[in-house]
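Peer 1: Give me the fold of what follows.
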Amino acid sequence: MQQRNERCIVLTLALLEDDTNHQQIFIECVNCFQQYYTETFKILVFKSSKELFKSNLEFDILFLDIGLEEDNDGIEIGKQLRAKGSKAVFIIVSSFNNKHREAINAGILRYLEKPYSQNQFNEALLIAIKSLQTQRYVIEVVFNGERQLIRILDVAFIENYQKNRIIHFNDGSILKTKSTWEEIVNQLPPNMFCFVQRSFLINFHNVSSCTSNSIKMSDGEVIKISRLFKNDFTKAYQKYLEVQTWEMQYLI
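Peer 2: I've put the predicted structure just below:
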């Protein structure tokens, strides 16, 4: 179990909500989502804007209750966080249906009305994750002592070898970087990359074909799947394909 956690790329998912019943519903929806999709979340719950701001934490996705405080609703809190430099994706959760335009104008990605179903929650969260992927279409690595941006869609797989992390591109070229394994992994979209060996991370987007024992990447490289990672890869890749199909039908 510890090995599995070390291999996971985790998104920080937070909720600002003072109602304990809605907090529980939210947590249950997240847990249900994680049972079906490949993402893993660190879940944080805040009861007040004061508690939220005091944490000084950065989130990937933040659900904001619009009716939280009379003088500081979820939309205003979102504006304040954005002014402080937050790059999180914001989703407003509300029992009111008359503030959609205000939320959109404030840069809120999604407006989720209470009570929401599991499917509605899944849709909102999938769109938020897709937005994160769009924001993270590049990663930053160290090359020849300087920071360099790499397009994620150009990456076939990443290898951890001795003192170097070797980035293999679709055209067959490589880049050796001194960036740490952790620095690279923490920048990757969590549902696009998967371990197939302890030292190999492959990009689902650039898988050409696969068998039960190996994967052929778009650069022509064939990578064996370790027995330790076979089940995780099979499940994750299947979910990736299902999400791509779902997005083609509803998101594009």
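Peer 1: Would you mark the buried spots in stretch 25-42?
Peer 2: Ile25, Phe26, Cys29, Val30, Phe33, Tyr37, Thr38, Glu39, Thr40, Phe41 (16 or more other Cβ atoms under 10 Å). All C-beta atoms are positioned from the backbone trio N, CA, C, and that covers glycine.
Peer 1: Just to check, the third one is in contact with Gln120?
Peer 2: If I follow you right, that is Cys29. No. Using Cβ atoms under 8 Å, Cys29 is not in contact with Gln120; the gap is 9.3 Å.
Peer 1: Which residue ranges of the protein form helices?
Peer 2: Ranges of helices in the chain, per DSSP state H, are 2-7, 20-36, 49-55, 74-83, 100-105, 118-135, 181-185, 227-250.
Peer 1: Any chance of those in a markdown table with distance to Leu112 as columns?
Peer 2: Putting the helices of the chain into a markdown table (distance: least, Cβ to Cβ, whole Å) gives the following:
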| stretch | distance to Leu112 |
| --- | --- |
| helix 2-7 | 29 |
| helix 20-36 | 10 |
| helix 49-55 | 18 |
| helix 74-83 | 11 |
| helix 100-105 | 10 |
| helix 118-135 | 5 |
| helix 181-185 | 30 |
| helix 227-250 | 16 |
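Peer 1: from these, which stretch is densest packed?
Peer 2: Mean neighbours per residue, mean count of other Cβ atoms under 10 Å, is largest over the helices of the chain for helix 74-83, with a mean of 19.
Peer 1: OK, contacts around the nearest residue to Trp181 once chain neighbours are set aside?
Peer 2: In this structure, Trp181 finds its nearest non-sequential neighbour in Asn160, 5.0 Å apart by Cβ to Cβ, 6 or more residues apart in numbering. Counting by Cβ atoms under 8 Å, 6 or more residues apart in numbering, Asn160 makes contact with Ile166, Trp181, Arg198, Ser199, Phe200.
Peer 1: and the first one, how many residues sit next to it?
Peer 2: Right, Ile166. Ile166 has 16 neighbours, counted by other Cβ atoms under 10 Å.
Peer 1: Tell me the confidence at it?
Peer 2: With respect to pLDDT, Ile166 scores 93.
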